[in-house]
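*Asks:* give me the fold of what follows.
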Amino acid sequence: MLPISAEALAALPGAIRRPARAEWSNDSGTTWHPADLVPGSAQIKIDQTADVRYTATAELAGVDVGRDGINDVVTNVRLWQGLQLARREPEWIPAGHYVVSRPARTAAGTVTVELAGREDELRRAKFPSSRTLGPASAKELVEQLAGEALPGVPVAWLPGVKPQTIVPQIVSDDRWGVLSAGTDANGTGTGIAAALAGRIWADARGIITVGPVPTLSDPVVWRIPRGRPGGALVDVQEESSAEALVNVWIVTSDGGDGAATVTAYAWDDDPNSLTYAGPDPIGDPLAPQRLGLTGVRLRVDRYSSAVITSQAQGNDVARAKLADSLGVQASLSFTAACNPALEGGDVVEVEVRPTVWEPHILDSLAYTLGAPSMQCTTRTTTRRL
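*Replies:* Down below sits the predicted model:
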């Protein structure tokens with residue numbers, strides 16, 4: 001979660017003022033110019049499972065279009081959500097750093113824009129021809145490749161990933177594929193972030209960030225009580241689905257010769273879980289039959305990467321894949337008091353029914369700058385009763 005004061009967090013369910021502002025730059029952020037936001041026009045969406053985490057639309061007043069104004073070649077836009085308590089200055093929280101597409105002047109003289117996070121620039125900056133990279137550390141390669149496309153933009157490394165991991169020599173023509181989770185013509189992974197059991201994204205401030213895949217064991221950042229006095233939860237809908245569920249992962253390395261030098265396994269070994277895969281589906285696949293575990297069902301998937309070079313790295317990737325695929329079968333769609341400090345991948349605790357609390361990973365959030373509520377989609381691990 002982005003920094004927010006305890007006072008502002010506690011005041012979110014109440015009648016708190018929510019100003020909003022926008023600014024734009026044509027020199028990579030050296031100089032920022034204010035723009036007037038048409039009230040209610042800035043729609044923000046955050047999706048931690050998408051290649052581009054932050055997207056938005058907005059309508060700006062007091063700006064021009066073209067070379068010296070808003071354009072879809074060099075213009076960056078920053079949006080901010082303010083939280084203002086009585087007798088205090090607004091507390092400004094970043095709501096995304098964007099590149100512009102499709103600027104259009106309206107009959108009223110305002111400019112509408114479609115906005116996408118800075119990952120979009122990395123995706124569009126493909127290599128002119130196939131390029132040989134490495135061997136080098138993940139930190140060296142990621143910062144080099146990001147810096148070529150976004151000069152001067154820093155790269156942040158969050159705890160839980162290992163930036164000094166050595167990446168072997170790989171060949172690719174896709175910058176974003178190498179940075180994130182790309183594959184070669186044979187379907188073998190070439191993505192550095194994926195091979196670190198992590199993801200890469202541009203955060204709300206536009207900083208390129210490499211961090212681990214979120215799990216339900218991460219700290220809870222916000223507890224969301226139901227709609228009693230002081231409650232932040234307005235409406236909640238529980239859903240479940242087995243789509244994309246995987247409870248056994250097999251992760252291998254692939255150096256291009258077809259021989260796997262690393263093989264790692266991860267499975268749901270929690271007997272209380274609805275997706276329990278048995279005590280050892282790899283070494284003892286008959287155990288469920290022998291032990292009378294009639295509810296065990298296997299959903300198996302495989303992942304191969306040319307960037308995995310050690311058993312420990314393979315184990316990390318397998319566990320990350322498992323954590324990311326186990327929680328998809330139980331989700332919430334809910335409306336809550338708008339908390340603009342929330343980020344995709346945050347873990348929140350939701351009162352799904354009176355006195356029944358569940359931890360959930362925030363997959364997506366959507367809100368309008370200045371609005372009192374937001375819509376969220378989450379997931380958790382379904383557990384046996």
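
*Asks:* and Thr31, what helix or strand is that in?
*Replies:* Counting by DSSP states H and E, no helix or strand carries Thr31.

*Asks:* mind checking pLDDT for it?
*Replies:* What the model reports for Thr31 is a pLDDT of 95.

*Asks:* do a quick rundown of the strands in the stretch 51-200 of the chain.
*Replies:* In the stretch 51-200 of the chain, the strands defined using DSSP state E, counting those that start in this stretch lie at 54-61, 76-83, 91-105, 111-117, 131-133, 136-137, 155-157, 166-167, 170-172, 198-202.

*Asks:* got the CA positions of the fourth one in PDB?
*Replies:* It refers to strand 111-117. Taking C-alpha atoms only, strand 111-117 is exported to PDB below (Å, rounded to 0.1, in the frame of the first residue of the first chain):
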ATOM      1  CA  VAL A 111      -8.900  17.200 -24.400                       C
ATOM      2  CA  THR A 112      -9.800  13.600 -23.800                       C
ATOM      3  CA  VAL A 113      -6.900  11.100 -23.400                       C
ATOM      4  CA  GLU A 114      -6.400   7.400 -23.000                       C
ATOM      5  CA  LEU A 115      -3.600   6.700 -20.500                       C
ATOM      6  CA  ALA A 116      -1.400   3.600 -19.900                       C
ATOM      7  CA  GLY A 117       1.400   3.000 -17.400                       C
END
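
*Asks:* does Ile4 touch Leu342 like I think?
*Replies:* No: Ile4 is beyond contact range of Leu342, at 9.2 Å (criterion: CB atoms under 8 Å). Backbone N, C-alpha and C define where each C-beta goes, glycine included.

*Asks:* quick one, which of these two is more surrounded?
*Replies:* Legend: neighbour count by other CB atoms under 10 Å for Ile4 and Leu342, higher for Leu342 (22 against 18).

*Asks:* any idea how far Pro214 is from that one?
*Replies:* Distance of Leu342 to Pro214, given as CB to CB, to the nearest Å: 12 Å.

*Asks:* before we move on, what about Ala61?
*Replies:* Remark: distance between Ala61 and Pro214 (CB to CB) = 38 Å.

*Asks:* what does Asp72 give?
*Replies:* Asp72 is 32 Å from Pro214, by CB to CB.

*Asks:* neighbour-wise, which of these two wins?
*Replies:* Pro214 (22 against 13).

*Asks:* per-residue pLDDT, the residue nearest to the more buried one when sequence neighbours are not counted?
*Replies:* Sequence neighbours aside, Gly345 is the residue nearest to Pro214 in space, at 3.8 Å (criterion: CB to CB, 6 or more residues apart in numbering). On pLDDT, Gly345 comes in at 95.

*Asks:* and stretch 319-337, end to end?
*Replies:* Start-to-end span of stretch 319-337 (CA to CA, to the nearest Å) is 33 Å.

*Asks:* so what's the gap between the lowest-mean-pLDDT helix or strand in the chain and the chain middle?
*Replies:* Sorting the helices and strands of the chain by mean pLDDT, DSSP states H and E puts strand 233-240 at the bottom, at a mean of 79. In terms of CA atoms, centre = their mean, to the nearest Å, the centre of strand 233-240 is found 21 Å from the chain centre.
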